[in-house]
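Enquirer: Using only what follows, build the 3D model:
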Amino acid sequence: MIELQIDGKAQLSMVRDLQIDPVRRDLIHADFYRIYEDQPIKTTVPFRITGRAAGVVMGGELHVVFHELPIRALPGVIPTKIEVDVTPMELHDIFHVSDLKLPEGVEVTLPAAQTLVHVQAERNRGEAADAAGAETPEAAKDGGEAASAKAEA
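Expert: Predicted coordinates for the structure are as follows:
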């Protein structure tokens, strides 16, 4: 939130959009919109994970579905970020919006059943390569027999 002085009066506002020079990285233009302390607003906040999931330690893969969360809250209670500790997550565990512990007055506007983070079993690349390798000799053997049959005919 930024307090702007407009015609000598303080106006509470938020940045809506910024234009930045791609080479010099200088601010070119900023768009603001007025907010009121007693009216909730919709905005997005960063979504961060902390810790290392138990399922990852066991060989799984952690997938974070969202890196920002859309929220609705009064301007005075908007968090700078929403963090979740994923340390207790085992293989095949899913963390939903409904599992979030949010500050009072903050609401995530996604459906409660929306997946935010999940741990899945890692695809074993070695087994996949073995399976592909196992198919190749079979295919070659079948192809070789077919070629022999054609040569005999």
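Enquirer: Residue 102 belongs to a helix, doesn't it?
Expert: No: per DSSP: H, G, I helix; E, B strand; the rest coil, residue 102 lies outside any helix segment and is coil.
Enquirer: Now do the contacts for it.
Expert: Contact partners of residue 102, counting by C-beta atoms under 8 Å, 6 or more residues apart in numbering, are 79, 82, 108. Glycine gets a C-beta too; all of them are placed from N, C-alpha and C.
Enquirer: any idea how far the first one lies from residue 71?
Expert: Pointing back at residue 79 there. 8 Å (C-beta to C-beta, to the nearest Å).
Enquirer: what touches both of the two?
Expert: Common neighbours of residue 79 and residue 71 (criterion: C-beta under 8 Å, 6+ apart): 45, 106.
Enquirer: quick one, which of these two is more surrounded?
Expert: Taking other C-beta atoms under 10 Å, residue 79 and residue 71 do not tie; residue 71 has more neighbours (22 against 14).
Enquirer: Show me what the more buried one is bridged to.
Expert: Under DSSP bridges, the beta-bridge partners of residue 71 are residue 43, residue 108.
Enquirer: any low-confidence regions in the chain?
Expert: 123-153 (pLDDT under 70).
Enquirer: can you give me the helices in it?
Expert: 54-57, 125-152 (DSSP state H).
Enquirer: And for residue 38, nearest residue in space, chain neighbours not counted?
Expert: residue 74 (7.3 Å; C-beta to C-beta, 6 or more residues apart in numbering).
Enquirer: just residue 109 next, same as before
Expert: The shortest distance from residue 109 to any non-neighbouring residue, by C-beta to C-beta, 6+ apart, is to residue 70 (4.6 Å).
Enquirer: Surely that neighbour and residue 46 touch.
Expert: No: applying C-beta atoms under 8 Å, one finds residue 70 not in contact with residue 46, separated by 11.9 Å.
Enquirer: now stretch 47-55, how far from the centre of its chain.
Expert: Offset of stretch 47-55 from its chain centre (C-alpha atoms, centre = their mean, to the nearest Å): 12 Å.
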